[in-house]
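**Student:** Sequence and predicted structure below; questions after.
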Amino acid sequence: MKNLKKPVISIIIPVLNEEKIINSFIARLSNNINSVPHEIIVVDGSKNSKTVRSLVDPKIMKVSSRSGRGQQLNAGAKIATGEIFLFLHVDTLLPPFAVTNICHVFKENDVGAGAFDIAIDSNKLRYKILARMISIRSHIFKTPFGDQAHFFRREYFKKIGGYKNIKLMEDLEIMRRIRKQNDSIVILKEKVHTSPRRWEQEGIIRGILRNWFIRSQYYLGVHPDRLVKYYNK
């Protein structure tokens, strides 16, 4: 959503067949950005661009892209004008003052990239345990998932070449690449809240096992584009 001032932060949202929830998501997001000058860019990876055609707010920047989250994220970054890029999944809600906190981090620290801690938006014990496991892993290995809302200084994102144009694992790939360069990744203590809807639809055990399988295959050298068939089953 563009402000009259040059945006400080560009919020880039990749979507695929999310026309039923996109407007309510944008409304909640807009109420949580405070007064920081910003723009919101929604990047649709479907052939019919139905999600961006469903947007009711005329100030949202709309982009159509080939499917594949890495390609969609890069398509949004290509037109973004903010000094900070925040990549946000449509299942993820930012904590209060998230944008202000990101700006503060970059002002006070010499880092190029970061993410938030995570909570799963459910009171069920199994999701609290899962979120805790993800949080511990992220802090130990400094490779936060895309659900944790990656953010970058604009110049740093451009310097490292952005995300790889791959259909899956783009979030881990970019964070592993940053670590290999010995650059710092900050993980804020504030938690984003991600929806459990995919786990609810397919079953939490099946979802966890599938994700472990996909990541293990990726670490063994299988190209992410070959692993999409397992993710979409």
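**Tutor:** Thanks, I have it.
**Student:** Report the buried residues of stretch 87-102.
**Tutor:** Across stretch 87-102, burial judged by 16 or more other C-beta atoms under 10 Å covers 87-95, 98-99, 101-102. In short, each C-beta sits where N, CA and C put it, glycine included.
**Student:** With pLDDT and distance to Thr81 added, can I get the residues you listed in TSV?
**Tutor:** What follows is the buried residues of stretch 87-102, written out as TSV (pLDDT from 0 to 100; distance: C-beta to C-beta, whole Å):
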residue	pLDDT	distance to Thr81
Phe87	98	15
Leu88	97	17
His89	96	22
Val90	94	22
Asp91	92	26
Thr92	95	23
Leu93	94	24
Leu94	95	20
Pro95	93	25
Ala98	93	20
Val99	92	16
Asn101	93	21
Ile102	95	16
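**Student:** Now, those residues that are in helices?
**Tutor:** Ala98, Val99, Asn101, Ile102 (DSSP state H).
**Student:** out of the buried residues of stretch 87-102, who's nearest Val192?
**Tutor:** Thr92 (5.0 Å; C-beta to C-beta).
**Student:** Could you measure from that closest one over to Leu16?
**Tutor:** Going from Thr92 to Leu16 by C-beta to C-beta, to the nearest Å gives 15 Å.
**Student:** same thing with Asp171?
**Tutor:** Going from Asp171 to Leu16 by C-beta to C-beta gives 15 Å.
**Student:** Neighbour count: the two, which is higher?
**Tutor:** The neighbour comparison of Asp171 against Leu16 (other C-beta atoms under 10 Å) goes to Asp171, with 22 against 16.
**Student:** Quick one: residues contacting the closest residue to that one other than its chain neighbours.
**Tutor:** Nearest non-adjacent residue to Asp171, counting by C-beta to C-beta, 6 or more residues apart in numbering: Gly146, 3.5 Å away. Going by C-beta atoms under 8 Å, 6 or more residues apart in numbering, Gly146 touches Arg69, Phe87, His89, Glu170, Asp171.
**Student:** Check Arg137 too.
**Tutor:** With C-beta under 8 Å, 6+ apart, Arg137 has these contacts: Thr143.
**Student:** go again using 10 Å as the cut-off
**Tutor:** Taking C-beta atoms under 10 Å, 6 or more residues apart in numbering as the criterion, Arg137 is in contact with Thr143, Pro144, Phe145.
**Student:** got it, and Gln201?
**Tutor:** Contacts of Gln201 by C-beta under 10 Å, 6+ apart are Gly207.
**Student:** distance of it from Asp147?
**Tutor:** Distance from Gln201 to Asp147, by C-beta to C-beta: 16 Å.
**Student:** Please apply the same query to Ile79.
**Tutor:** For Ile79 relative to Asp147 (C-beta to C-beta), the value is 24 Å.
**Student:** The two: which has the busier surroundings?
**Tutor:** Set Ile79 next to Asp147 and count neighbours by other C-beta under 10 Å: Asp147 wins out with 20 against 13.
**Student:** what are the phi and psi angles of that one?
**Tutor:** phi -60, psi -20 (degrees, to the nearest 10).
**Student:** And the longest strand along the chain, what does it pack against?
**Tutor:** As assigned by DSSP state E, the longest strand anywhere in the chain is strand 185-194. Strand 185-194 sits against strand 92-93, helix 98-108, strand 113-120, helix 125-141, helix 170-180, with contacts defined as 3 or more C-beta pairs under 10 Å, 6 or more residues apart in numbering; DSSP states H and E.
**Student:** doesn't Val42 make contact with Val90?
**Tutor:** Yes: with contact defined as C-beta atoms under 10 Å, Val90 and Val42 form a contacting pair (8.7 Å).
**Student:** Quick check: neighbours shared by the two?
**Tutor:** Ile13, Pro14, Val15, Glu18, Ile22, Phe25, Ile26, Thr51.
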